[in-house]
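>>> sharing a sequence plus its predicted fold:
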There are 2 protein chains.
Amino acid sequence: MFEIDLQLVQIGTIISPIQRPGDAPRQGNEGGAEAWIDIDPAFRDAVDGLAVGDEILIFTWLHQADRTVLAVHPRGDLANPLTGIFATRSPHRPNPIGLHPVRILDIDSRRGIKVGPLEAIDGTPVIDIKPVI
Amino acid sequence: MFEIDLQLVQIGTIISPIQRPGDAPRQGNEGGAEAWIDIDPAFRDAVDGLAVGDEILIFTWLHQADRTVLAVHPRGDLANPLTGIFATRSPHRPNPIGLHPVRILDIDSRRGIKVGPLEAIDGTPVIDIKPVI
């Protein structure tokens, strides 16, 4: 058995008008914003092949989440029964990975990739981008 | 600016008859297997609320991937033009996160969660589970 390295690298950063978690909708399609993914220069070659109009999945690291939470009342509503975190989309979970389906609105070699609608807040680390199959 | 911790925790492990990457199909629906997610005992409370028949997304850490790759010929076919890794589903990428849509086939308090069809190989670390919305 070899040691497995589970350390993520930050490949980009969300630049968004949504500044605080309390201002963010629960899902992008519930009032998300247009935002930029500022791609780290070390990873710019990895975005070749993406095009305006493409549907992509952005993977983020929800850095303000509470990683100790194992169960929640979904959508913060106490009328919903306490539910294991893996049966919910709560940001508070052992690995706070955000998954965001968005459309590419613009690509700029300097500013990065413009996408929307996105609920992640300004400054959120981006850890992966995949095309929608 | 505070320091952001980007260290994942392993919440479970894939138990699959697929033993080697060369035996794995490229996507679960291209010949994936029935497999178990062995949930780490520390995270068992987080699966309450999942049920047989549910569609879920399994997030894995593709621990045998090459993290230095930034561009590939999609599906390993040299006839496909060299493409930035974020425009592909290649496992070789800076953060080798696997995203697997599967259905829950069984839940067993001892063995974990049986799912399928899944292309991830035996021993693959699991890092998150989310319901399909």
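On my side now, so go ahead. Numbering: from 1, shown residues only, chains lettered A, B, ... in the order given.

>>> A:Gly112: neighbouring residues, count only.
When neighbours are counted by other CB atoms under 10 Å in any protein chain shown, A:Gly112 registers 22. Bear in mind the C-beta positions are built from the backbone N, C-alpha and C, glycine included.

>>> please name the nearest non-neighbouring residue to the residue positioned nearest the centre of chain A.
Central residue of chain A (CA atoms, centre = their mean): A:Thr60, 3.3 Å from the mean position. Spatial nearest neighbour of A:Thr60, excluding adjacent residues (CB to CB, 6 or more residues apart in numbering or on different chains): A:Gly98 at 3.9 Å.

>>> contact partners for the one you found?
Contact analysis of A:Gly98 by CB atoms under 8 Å, 6 or more residues apart in numbering or on different chains lists A:58-62, A:91, A:120, A:124.

>>> that one belongs to a strand, doesn't it?
Yes: using DSSP: H, G, I helix; E, B strand; the rest coil, the assignment for A:Gly98 is a strand.

>>> contacts for stretch A:46-59, please.
Here stretch A:46-59 makes contact (CB under 8 Å, 6+ apart) with A:11, A:37, A:39, A:97-107, A:113, A:115, A:118, A:120, A:126-132, B:70-71, B:82-88, B:93-95, B:97, B:99.

>>> could you tell me which of those residues belong to strands?
Mapping the contacts of stretch A:46-59 onto strands (DSSP state E) picks out A:37, A:39, A:97-107, A:113, A:115, A:118, A:126-131, B:71, B:83-84, B:97, B:99.

>>> so among those residues, which ones count as buried?
Those of the ones in strands among the contacts of stretch A:46-59 that meet the buried threshold are A:37, A:39, A:97-104, A:107, A:113, A:115, A:118, A:126-131, B:71, B:83-84, B:97, B:99, by 16 or more other CB atoms under 10 Å in any protein chain shown.

>>> which regions of chain A sit below the pLDDT cut-off?
Flagging of chain A using pLDDT under 70 yields the residue ranges A:1-3.

>>> one more time with 90, if that's ok
For chain A, the stretches with pLDDT under 90 are A:1-5, A:21-31, A:74-76, A:109-110, A:133.

>>> doesn't A:Ala46 belong to a strand?
No: the assignment for A:Ala46, made by three-state DSSP, is helix rather than a strand.
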